[in-house]
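Trainee: The following comprises the amino acid sequence and a computationally predicted model.
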Amino acid sequence: MVFSLGRLIGYLQTIEKEQKYLALNNSQLIEIYSIIKDPKMMEHVEPKWADKMLPHLEDNILTLDRLMHSAQIAIARVVERETKTHGSGRGG
């Protein structure tokens with residue numbers, strides 16, 4: 001969950017840059033900031049904390065459009081990573 005939460009925050013940054021119509025409003029930004037500032041006070045991010053924050057973010061803060069777009073980004077990055085790892089499949 002810790003990594004999933006971090007990835008989702010990263011995807012939100014990408015969405016802010018690439019899809020202006022999906023930009024977060026002020027109240028959403030404040031809520032997300034309050035979530036991401038908590039780990040800065042921790043020695044390391046606690047999985048229990050992430051287990052609570054990820055569903056809170058998905059269920060209460062983000063819209064379905066943002067969640068869908070973040071899933072599209074995740075899929076695109078997996079495909080990109082697999083393409084780089086496996087190349088074209090042609091041996092030499």
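Mentor: Cool, the structure landed. Numbers count the residues shown, from 1 in each chain.
Trainee: Report the distance from the helix ranked longest in the chain to the chain centre.
Mentor: Ranked by number of residues, the top helix in the chain under DSSP state H is helix 64-86. Mean C-alpha position of helix 64-86 versus that of the full chain (C-alpha atoms, centre = their mean, to the nearest Å) differs by 11 Å.
Trainee: quick one: the strands in the chain?
Mentor: Taking DSSP state E as the criterion, the chain carries no strands.
Trainee: where exactly do the helices run in it?
Mentor: Taking DSSP H, the helices of the chain run over residues 2-18, 26-37, 47-56, 64-86.
Trainee: now the ones you listed in TSV, with mean neighbour count?
Mentor: For every residue, glycine as well, the C-beta is placed using N, CA and C. Shown next, in TSV, are these (neighbours: other C-beta atoms under 10 Å):
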stretch	mean neighbour count
helix 2-18	15
helix 26-37	13
helix 47-56	15
helix 64-86	12
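Trainee: In JSON lines: the ones you listed, plus mean pLDDT.
Mentor: Output for these, formatted as JSON lines (pLDDT from 0 to 100):
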{"stretch": "helix 2-18", "mean pLDDT": "88"}
{"stretch": "helix 26-37", "mean pLDDT": "88"}
{"stretch": "helix 47-56", "mean pLDDT": "90"}
{"stretch": "helix 64-86", "mean pLDDT": "90"}
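Trainee: Count the neighbours of residue 61 for me.
Mentor: Neighbours of residue 61 under the rule other C-beta atoms under 10 Å: 16.
Trainee: pretty sure it is in contact with residue 33, am I right?
Mentor: No - using C-beta atoms under 8 Å as the test, residue 61 is too far from residue 33 to be in contact (11.1 Å).
Trainee: Return the list of helices and strands in contact with the longest helix of the chain.
Mentor: In this structure, helix 64-86 packs against helix 2-18, with contacts taken as 3 or more C-beta pairs under 8 Å, 6 or more residues apart in numbering; DSSP states H and E.
Trainee: can you give me the offset of the helix it packs on from its chain's centre?
Mentor: Relative to its chain's centre, helix 2-18 lies at 3 Å (C-alpha atoms, centre = their mean).
Trainee: ok, and what's touching that helix?
Mentor: 22-24, 32, 36, 45, 47, 50, 53-54, 57-58, 62, 66, 69-70, 73-74 (C-beta atoms under 8 Å, 6 or more residues apart in numbering).
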